[in-house]
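K.L.:
coordinates only, sequence not included:
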């Protein structure tokens, strides 16, 4: 795609085909053939996105909030310090707290316990991936990472025949957030260091339809909250705009013994219940339970985004009256119905990784999911960073 150079206004119109600066050749070009997302070309004075000057960083931030996912190639040398600096630069209200309480995150009673290991000198940066790695990486002793697989989390599993046919699943659609006490991060950065073959493909079959999505093995899937909202009926839009999501306290421990639906959007409600009883959870306070709008406003475009972590939802509440409109089982069904159209093949962007790719994504504008089935010793290594915000997302009405 041909890019152009032009002065960019402080407010970006979402139909703008290419964003760039007249003074420097930093360019942001929409991804060809994708429903959202863009690729960034760095300016000649630095290849470190955390070191961009103020005017260039402003372009980067406005582009992120416009296109939701930015891909910055050739970042294999980005240090954990620079990745942390870049991530926090997007949100002036943020502190130094990782997006999750680390003690709860690594609890053996949490579904997230195996999801990664912290870089010792910069614990907000998490190492995720698959395989065993020798001592020396970022000061680590020998360590092992385990790629999430639907075999440990989904209620209904792919058969051996389906696996042999090259099928995979969306593991868990989610927002990077503790969803208890801490405010959801504004941005997540994900850096691919060791990645599987970029030519090997797997496919996702959509249960209950003829739809198929082919993905590069290990691709990260993104679904747009804006698209999700736009696809709703007028009645559902009205419902969503007037609904608050109540999340379970310590939600990843609450659902630790549960299994997900085959689309990865939410949890199967079973009898007897598999959820951890509230009185068996770590100590929690009612005031720290997260109550967030079902629809969040994009601060640049002002577009409404349907944003919900369907696996952790507990109740849906009327924002005006405070009345509970859906308890756990029904709340899950409603969230799955509302979000399902937005994860269909033509609506999502699945990033197939090249070594050195840095994905910057608007954690308050998209949900995302791991895909891919790996062999036990197949290696994949990524650095992920998100930092809790100082304030919760909001909805303008």
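P.N.:
That came through fine. Not measured: the values here are computed from a predicted model.
K.L.:
okay, CA-based contacts and neighbour counts for the rest of this
P.N.:
OK.
K.L.:
longest helix in this protein, please.
P.N.:
helix 54-67 (DSSP state H).
K.L.:
for that one, what is the distance to the chain centroid?
P.N.:
Offset of helix 54-67 from its chain centre (Cα atoms, centre = their mean, to the nearest Å): 19 Å.
K.L.:
residues contacting residue 198?
P.N.:
216-217, 352-354 (Cα atoms under 8 Å, 6 or more residues apart in numbering).
K.L.:
pull out the buried residues from the longest helix of the chain.
P.N.:
56-57, 59-67 (16 or more other Cα atoms under 10 Å).
K.L.:
contacting residues around the following helix or strand past it?
P.N.:
Counting by DSSP states H and E, the next helix or strand C-terminal to helix 54-67 is strand 69-72. Contact with strand 69-72 is made by 36-42, 63-64, 357-362, as judged by Cα under 8 Å, 6+ apart.
K.L.:
filter the residues you listed down to just the ones in helices.
P.N.:
Among these, the subset assigned to helices under DSSP H consists of 63-64.
K.L.:
circling back: other SSEs contacting the longest helix of the chain?
P.N.:
Contact partners of helix 54-67 among helices and strands, from 3 or more Cα pairs under 8 Å, 6 or more residues apart in numbering; DSSP states H and E: strand 19-20, strand 27-30, strand 358-362.
K.L.:
could I get these in TSV, plus columns for mean pLDDT, distance to residue 237 and mean neighbour count?
P.N.:
Listed next are those as TSV, based on pLDDT from 0 to 100; distance: least, Cα to Cα, whole Å; neighbours: other Cα atoms under 10 Å:
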stretch	mean pLDDT	distance to residue 237	mean neighbour count
strand 19-20	48	31	24
strand 27-30	97	28	24
strand 358-362	98	22	25
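K.L.:
closest to residue 195 out of those?
P.N.:
Among the helices and strands packed on helix 54-67, the nearest to residue 195 by Cα to Cα is strand 358-362 (12.2 Å).
K.L.:
angle of that closest one against helix 54-67?
P.N.:
Taking axes from the mean of the first three to the mean of the last three Cα atoms, to 10 degrees, strand 358-362 and helix 54-67 form an angle of 70 degrees between their directions.
K.L.:
any of the contacts of residue 198 buried? List them.
P.N.:
Counted by 16+ other Cα under 10 Å, those give 216-217, 352-354 as buried.
K.L.:
which one of those residues is nearest to residue 344?
P.N.:
residue 216 (16.6 Å).
K.L.:
just for this structure, where's the confidence low?
P.N.:
1-24, 95-107, 397 (pLDDT under 70).
K.L.:
can you list the buried ones among the contacts of residue 198 in JSON lines and add distance to residue 376 and secondary structure?
P.N.:
Below are the buried ones among the contacts of residue 198 laid out as JSON lines (distance: Cα to Cα, whole Å; DSSP: H, G, I helix; E, B strand; the rest coil):
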{"residue": "216", "distance to residue 376": "18", "secondary structure": "strand"}
{"residue": "217", "distance to residue 376": "15", "secondary structure": "coil"}
{"residue": "352", "distance to residue 376": "20", "secondary structure": "coil"}
{"residue": "353", "distance to residue 376": "19", "secondary structure": "coil"}
{"residue": "354", "distance to residue 376": "21", "secondary structure": "coil"}
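K.L.:
ok so, going back, and of the helices and strands packed on helix 54-67, who's closest to residue 79?
P.N.:
When these are compared (using Cα to Cα), the closest one is strand 358-362, at 11.8 Å.
K.L.:
what's next to whichever helix or strand comes after the closest one, contact-wise?
P.N.:
Using DSSP H and E, the helix or strand that follows strand 358-362 in sequence is strand 366-370. Residues outside strand 366-370 that contact it (Cα under 8 Å, 6+ apart): 68, 148, 170-175, 218-226, 307-309.
K.L.:
what do you get for stretch 345-355?
P.N.:
With contacts defined as Cα under 8 Å, 6+ apart, stretch 345-355 is touched by 34-37, 74, 76, 192-196, 198, 211-213, 215-224, 227, 341-342.
K.L.:
just the strands in the stretch 201-350 of the chain please.
P.N.:
For the stretch 201-350 of the chain, applying DSSP state E, counting those that start in this stretch gives strands covering 201-205, 212-216, 220-224, 243-247, 291-293, 295-297, 304-306, 313-318, 324-326, 348-351.
K.L.:
can you tell me which of the ones you listed is nearest to residue 188?
P.N.:
Within the strands of the stretch 201-350 of the chain, the stretch nearest residue 188 is strand 220-224; the backing value is 12.3 Å (Cα to Cα).
K.L.:
how far does stretch 140-156 sit from its chain's centre?
P.N.:
Mean-position distance between stretch 140-156 and its chain equals 17 Å (Cα atoms, centre = their mean).
K.L.:
buried residues in that stretch?
P.N.:
Applying 16+ other Cα under 10 Å to stretch 140-156 flags 144-150, 153-154 as buried.
K.L.:
repeat that for stretch 257-264.
P.N.:
258-264.
K.L.:
farthest-separated two in those?
P.N.:
For the buried residues of stretch 257-264, the maximum inter-member distance is 14.8 Å, found between 258 and 263 (Cα to Cα).
K.L.:
nice, that's everything, thank you.
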